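Trainee: sequence plus the predicted model coming up.
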Amino acid sequence: EAMMFSAHLLQPQTVPTAELTKCVDECLVMCGLEDYADAVVGSLGIEHRKHSDYSLPRFVLDPKLLLFLDESISSLDSQSAWAIMKFLRKLANNGQAIICIIHQPSGELFQVFDHLLLLKKGGQTVYFGDIGDG
């Protein structure tokens, strides 16, 4: 219901409800939220709430929009952080542009990223470029 409400608010009135419903259904599948389609958003765990938040630009608004995440895995346990990063990787693989600020990622989480902007105190660039396999 929350995704459908957002879709109605964010899309022009000329977009048919059937098209919005299809879009929201695709969003639920992409997010792995099919089993929670009728759940109240506030009743979901933090991982599933973030999935629903992060998927909105991709499916309801415009996939060309930039998804900017500031410390998206802070205060999460390692399993939830990994699940969120896998989900973000899935969105990126489907064309979503994402900028993610992350502090002290584990080596496994670090490998999920494509590019790195490493800053030192004062905001000076230490490294900016691809993260490669070697």
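Mentor: Received the coordinates, thanks.
Trainee: mean confidence for the helix or strand containing Ile99?
Mentor: According to DSSP states H and E, Ile99 maps onto strand 97-101. Looking at strand 97-101 alone, the average pLDDT works out to 82.
Trainee: how about the strands in this protein?
Mentor: For the chain, the strands defined by DSSP state E cover 66-70, 97-101, 115-120, 124-130.
Trainee: out of those, which is closest to Val41?
Mentor: strand 66-70 (18.2 Å; C-beta to C-beta). Quick note: C-beta positions are derived from backbone N, CA and C, even for glycine.
Trainee: lowest-pLDDT helix or strand in this protein?
Mentor: In the chain, the helix or strand scored least confidently by mean pLDDT, DSSP states H and E is helix 46-56, which has a mean of 67.
Trainee: each with direction, which strands does the strand holding Ile99 pair with?
Mentor: If you go by DSSP bridges, strand 97-101 pairs up with strand 66-70 (parallel).
Trainee: for the partner strand, what is the average pLDDT?
Mentor: pLDDT averaged over strand 66-70 gives 72.
Trainee: which stretches of this structure have low pLDDT?
Mentor: Applying pLDDT under 70 to the chain flags the ranges 30-31, 47, 50-67, 72, 132-134.
Trainee: which residues of it fall in helices?
Mentor: 2-10, 17-31, 46-56, 78-93, 107-110 (DSSP state H).
Trainee: re the thing from before, okay, the strand holding Ile99 in CSV with CA atoms only?
Mentor: These are the backbone C-alpha positions of strand 97-101, laid out as CSV (Å, rounded to 0.1, in the frame of the first residue of the first chain):
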residue,chain,number,x,y,z
ALA,A,97,23.2,4.6,-10.3
ILE,A,98,24.2,4.5,-6.6
ILE,A,99,26.5,6.6,-4.5
CYS,A,100,27.0,5.1,-1.1
ILE,A,101,29.0,6.6,1.8
